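Enquirer: How does the following fold in three dimensions:
(2 chains)
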Protein chains: 2
Amino acid sequence: MEIIAKIKEIQEKSSCLRAKNKEIGFVPTMGALHQGHISLIEKCKEGNDWTIVSIFVNSIQFNDQDDLNFYPRPLDEDLDICRRFKVDTVFIPSIKEMYPEDQLTFVNVNKLSTNLCGKYRPGHFQGVATVVTKLFNITKPHRAYFGLKDYQQVEIVKRLVKDLNFDLEIITLPTVRNEGNLALSSRNKDLTLEEQKRAVILSQSLRKAFSLLEKDVKDPKLIIKQMNSLINQEPLAEIEYIKICDPAYLTDLDYINKEALVALAVRFGKVRLIDNLVWKKEEHV
Amino acid sequence: MEIIAKIKEIQEKSSCLRAKNKEIGFVPTMGALHQGHISLIEKCKEGNDWTIVSIFVNSIQFNDQDDLNFYPRPLDEDLDICRRFKVDTVFIPSIKEMYPEDQLTFVNVNKLSTNLCGKYRPGHFQGVATVVTKLFNITKPHRAYFGLKDYQQVEIVKRLVKDLNFDLEIITLPTVRNEGNLALSSRNKDLTLEEQKRAVILSQSLRKAFSLLEKDVKDPKLIIKQMNSLINQEPLAEIEYIKICDPAYLTDLDYINKEALVALAVRFGKVRLIDNLVWKKEEHV
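Expert: This next block holds a predicted model:
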């Protein structure tokens, strides 16, 4: 496995691979790799000749300095995982390599960035859209892999690819969960064992929403209210938002018709967790 | 000469050329080609295996609907010029092809976009930065060619390439002028012959600035004042701005040290003309 820290070097590598008609798959990560990332890496290995994983804690997408400082960075373990799953190239740039001087250029995806996490993390999706644009230009992939736990991020990246005419395909994979149904996240490592157990309340509230949707409840307020009460039974949980949105436009729904995104962000102490589900009405012919 | 209107088609073309190790040069234009564009095409032909010229009047960079509507579009003449100068591929997308739905994604280059023309054309450089990003992803060039008449645009594009890690080189060429020293511009076609003659006042005022700079005048206000009086002798001319800036940061200078950008925008009727010069102190050893 090749480890590259320099942008110029990986750009040359990718050009070289492309000149040999090799197809490049790319899994961008912030490290602290877990089974969710591994599912992306495995899918990437399957569909491409060459798999690049980037590990870069992108400073400009953190709106909270503490969050950035405490973000886990277990580099040796990450590299072991990459080796184990036969990643071809790991790209590990320094902050200085990615942002050698004041970054003046930013990419914004309007509308899709304003609701949900965008509302609570000002500048976050600008940071994401900008680093993803940079990483695409650096790794020049044919396909890039993203997990649906970050649903809003996925929608933003897909739109960015379309709007900016990146000649690549975005492949999305479902959220991976632990035995307790907690969505895997690098941030879970910062939860105490007790908090991890209690955090199952997130997926339980989504299951609650799902069952109400299946029972044809049409009023988002009603569903949100029930999710709210459920989560509030857990004293460690502090709700940031629970929202029911149009899955394509990410706007709040007044009325649920054929499909809905149910998304939430909840804090346990200083750890912020997100989860979501997309519900589609089954068509009975 | 090949004429392509579809994005997918030119992306495949470019990938194919790259796979054969051909180097691609790109000259983005809004058409109404003149000797300035031709100098870019010739330079591009010299330095690359394949020359792509795009002709696209980019709606999203026009802050003024009239300006967009009246912008000249002499397509047949443009194609003749491209043929004459042995352009390999002309890319002529429709508005619908470039903006099939609401464009939500925009690229902004902060700081460099705020002064000079950015002050008088809100949204203009966002439109430029966004379309340039799209066109780079569409044509995948090794080198792209820009004229220094649009000095601020060049600085913004260079910064965008650096900040977003586009793996390509920006090549700039000096402003081309007519016999009367008027900077060539597609917009000159909208001037009456009388106005064209009178518009030489722009380059005359720059020459005035140059001679004052050479005489070691350090105060921008003094130089601007003299340029102002000169241009105001021309009753058809309506000054939008005259500025003396740092050539790298595009911020107004209080004091001229070793170098200066002198830039101006002046209207003749509904036609807006720009011109500039960069002065550097000659070092006497």
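
Enquirer: and stretch A:52-69, average pLDDT?
Expert: The average pLDDT for stretch A:52-69 rounds to 95.

Enquirer: Compute the first-to-last residue distance for it.
Expert: Distance across stretch A:52-69, first residue to last, is 26 Å (CA to CA, to the nearest Å).

Enquirer: What residues of it count as buried?
Expert: A:52-58, A:60-62, A:67 (16 or more other CB atoms under 10 Å in any protein chain shown). For the C-beta atoms, the positions are set from N, CA and C on the backbone; glycine is no exception.

Enquirer: Show me which of these is closest to chain B.
Expert: Nearest to chain B out of these is A:I60 (CB to the nearest CB; 11.1 Å).

Enquirer: Assign a three-state SS to that closest one, would you?
Expert: helix (DSSP: H, G, I helix; E, B strand; the rest coil).

Enquirer: which residues sit against the helix-or-strand element of chain A with minimal mean pLDDT?
Expert: Least confident helix or strand of chain A, by mean pLDDT, DSSP states H and E, is helix A:65-70 with a mean of 90. With contact meaning CB atoms under 8 Å, 6 or more residues apart in numbering or on different chains, helix A:65-70 is reached by A:57, A:59, A:62, A:190, A:270, A:272.

Enquirer: from those, which is closest to A:N257?
Expert: Distances from A:N257 to the contacts of helix A:65-70, taken as CB to CB, are shortest for A:R272 (30.5 Å).

Enquirer: My read is that the closest one contacts A:S185, right?
Expert: No. Look at A:R272 against A:S185 with CB atoms under 8 Å: they stay out of range, at 9.4 Å.

Enquirer: More neighbours: the two, which one.
Expert: Taking neighbours as other CB atoms under 10 Å in any protein chain shown, A:R272 and A:S185 compare with A:S185 leading, 23 against 19.

Enquirer: Return the residues in contact with that one.
Expert: Going by CB under 8 Å, 6+ apart, A:S185 touches A:34, A:36, A:149, A:273-274.

Enquirer: domain assignment for chain A?
Expert: A:2-173, A:186-277 (automatic domain parsing).

Enquirer: OK, contacts around A:H37?
Expert: Shown in contact with A:H37 (CB under 8 Å, 6+ apart): A:27, A:29, A:53, A:81, A:147.

Enquirer: what helix or strand is it on?
Expert: Assigned by DSSP states H and E, A:H37 belongs to helix A:35-47.

Enquirer: coming back round to it: give me the distance from the least confident helix or strand of chain A to the chain's centre.
Expert: Remark: helix A:65-70 is offset 18 Å from the chain centroid, using CA atoms, centre = their mean, to the nearest Å.

Enquirer: Give me the packing partners of whichever helix or strand comes after that helix, helices and strands only.
Expert: As assigned by DSSP H and E, the chain's next helix or strand after helix A:65-70 is helix A:75-84. In terms of contacts (3 or more CB pairs under 8 Å, 6 or more residues apart in numbering or on different chains; DSSP states H and E), helix A:75-84 is packed against helix A:35-47, strand A:50-55.

Enquirer: measure the closest residue to A:F91 other than its chain neighbours to A:K149 for me?
Expert: In space, and not counting its chain neighbours, A:F91 is closest to A:S54: 4.3 Å by CB to CB, 6 or more residues apart in numbering or on different chains. As judged by CB to CB, to the nearest Å, A:S54 and A:K149 stand 18 Å apart.

Enquirer: next one: A:V57
Expert: Counting by CB to CB, the gap from A:V57 to A:K149 is 17 Å.

Enquirer: again, but for A:K225
Expert: For A:K225 relative to A:K149 (CB to CB), the value is 25 Å.

Enquirer: Comparing these two, which residue is more hemmed in?
Expert: Legend: neighbour count by other CB under 10 Å for A:K225 and A:K149, higher for A:K149 (20 against 12).

Enquirer: buried sites along stretch A:41-48?
Expert: Residues A:41-45, A:48 are the ones in stretch A:41-48 that count as buried (16+ other CB under 10 Å).

Enquirer: Would you enumerate the residues in contact with the residue in the stretch 1-150 of chain A positioned nearest to chain B?
Expert: Among residues of the stretch 1-150 of chain A, the one nearest chain B by CB to the nearest CB turns out to be A:T105. It sits 3.5 Å away. Residues in contact with A:T105 (CB under 8 Å, 6+ apart) are A:130, B:107-110, B:129, B:159-160, B:163-164.

Enquirer: what's the spacing between the residue of the stretch 151-285 of chain A found nearest chain B and B:Q103?
Expert: Nearest residue of the stretch 151-285 of chain A to chain B: A:D163, at 3.5 Å (CB to the nearest CB). Counting by CB to CB, the separation of A:D163 from B:Q103 is 6 Å.

Enquirer: Compare those two and say which one has the larger neighbour count.
Expert: The residue with more neighbours, out of A:D163 and B:Q103, is A:D163; 23 against 20, by other CB under 10 Å.

Enquirer: Got the confidence number for the closest residue in space to the more buried one that isn't next to it in sequence?
Expert: Using CB to CB, 6+ apart and skipping residues adjacent in sequence, the residue nearest A:D163 is B:T105, 3.5 Å away. On the pLDDT scale, B:T105 is placed at 98.

Enquirer: and A:L33, helix, strand or coil?
Expert: The three-state label given to A:L33 by three-state DSSP is coil.

Enquirer: For it, list the residues it contacts.
Expert: By CB under 8 Å, 6+ apart, the contact set of A:L33 is A:55, A:77-78, A:81-82, A:186.

Enquirer: Drop anything exposed from the residues you listed.
Expert: Once neighbours are counted (16+ other CB under 10 Å), the buried part of the contacts of A:L33 comes down to A:55, A:78, A:81-82, A:186.
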